[in-house]
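Peer 1: build me a model from this:
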Amino acid sequence: MGYEAERLDMVREQLAARGIRDERVLSALAVIPRHQFVPKGQRRFAYGDHPLAIGHGQTISQPYMVALMTETMALRAGARVLEVGTGSGYQAAVLAQLGAEVFTIERVPELAAGAAERLRALGFGAQVHVRVGDGSAGWCEASPFDAIVVTAAARRIPRALLGQLAAAGCLVLPLGESELQGLARIRRMAAGWQEEYFGECRFVKLIGADGWNDA
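Peer 2: Numbering: from 1, shown residues only. Below is the predicted model:
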């Protein structure tokens, strides 16, 4: 079976069958070549129902979790999105495929460089901005953002990220302890903050000034 057939099976059996309903999200994951975002030695596992190691103690998330986080943001084309934790660049590619302008921060220089090169090769170079830094502090000069997605586990809500949300913007992040978190969506409302949860998840730690302080 070729990669395209595996990708379509992934969308049908892992995403649509589990309740992902946004057709734009399903279409984006059906197009983005996930196998190009994993190490060559692991490409045969790229469309499996699990995360994969990408080096430097980091992972590319399970396809279902990428779809769920993307659907939870309910993005419109042209939205400005901050991603904290670039990793291989796969989540950024999915967001760009939806028409978002993406600002993504990675603390590991080697991963950031690899993701930037991969995204350029796929034609997203002008739409996705990659930089190295502490993602828990956000990207103040590029704010406000319509949505912020954190692809690492936070033990508390980074205050800097809340301050960089646009009106009605939302922050989606794994929130909780190091071994198990809840997927949270924090939305800025006229009357305050609305907090919702979308099930349990497991991510690597968010390292930074407003995250965990160990690697």
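Peer 1: next, count neighbours for residue 198.
Peer 2: Using other C-beta atoms under 10 Å, residue 198 has 14 other residues around it. Any C-beta I mention is one placed from the backbone N, CA and C, and that applies to glycine too.
Peer 1: so which other helices or strands are in contact with the helix or strand harbouring it?
Peer 2: Element membership of residue 198 [criterion: DSSP states H and E] is strand 192-201. The criterion is 3 or more C-beta pairs under 8 Å, 6 or more residues apart in numbering; DSSP states H and E, and the helices and strands that strand 192-201 contacts are helix 63-73, strand 181-189.
Peer 1: got the phi and psi for the residue nearest the centre of the chain?
Peer 2: Among the residues of the chain, residue 91 comes closest to the average C-alpha position under C-alpha atoms, centre = their mean, at 4.3 Å. The main-chain torsion angles of residue 91 are listed as degrees, to the nearest 10 and equal phi -60, psi -40.
Peer 1: so in terms of bridging, what pairs with the residue lying closest to residue 83 once chain neighbours are set aside?
Peer 2: The shortest distance from residue 83 to any residue other than its chain neighbours is 4.1 Å, reached at residue 104 (C-beta to C-beta, 6 or more residues apart in numbering). The partner list for residue 104 in beta bridges (DSSP bridges) reads residue 83, residue 130.
Peer 1: roughly how far apart are residue 158 and residue 17?
Peer 2: Residue 158 is 34 Å from residue 17, where distance means C-beta to C-beta, to the nearest Å.
Peer 1: neighbour count: the two, which is higher?
Peer 2: In this comparison of residue 158 against residue 17, neighbours counted by other C-beta under 10 Å, the higher total goes to residue 158 at 24 against 10.
Peer 1: residues contacting that one?
Peer 2: Each residue near residue 158 by C-beta atoms under 8 Å, 6 or more residues apart in numbering is listed here: 136-138, 150, 206, 208, 210-211.
Peer 1: check residue 24 too.
Peer 2: Each residue near residue 24 by C-beta under 8 Å, 6+ apart is listed here: residue 98.
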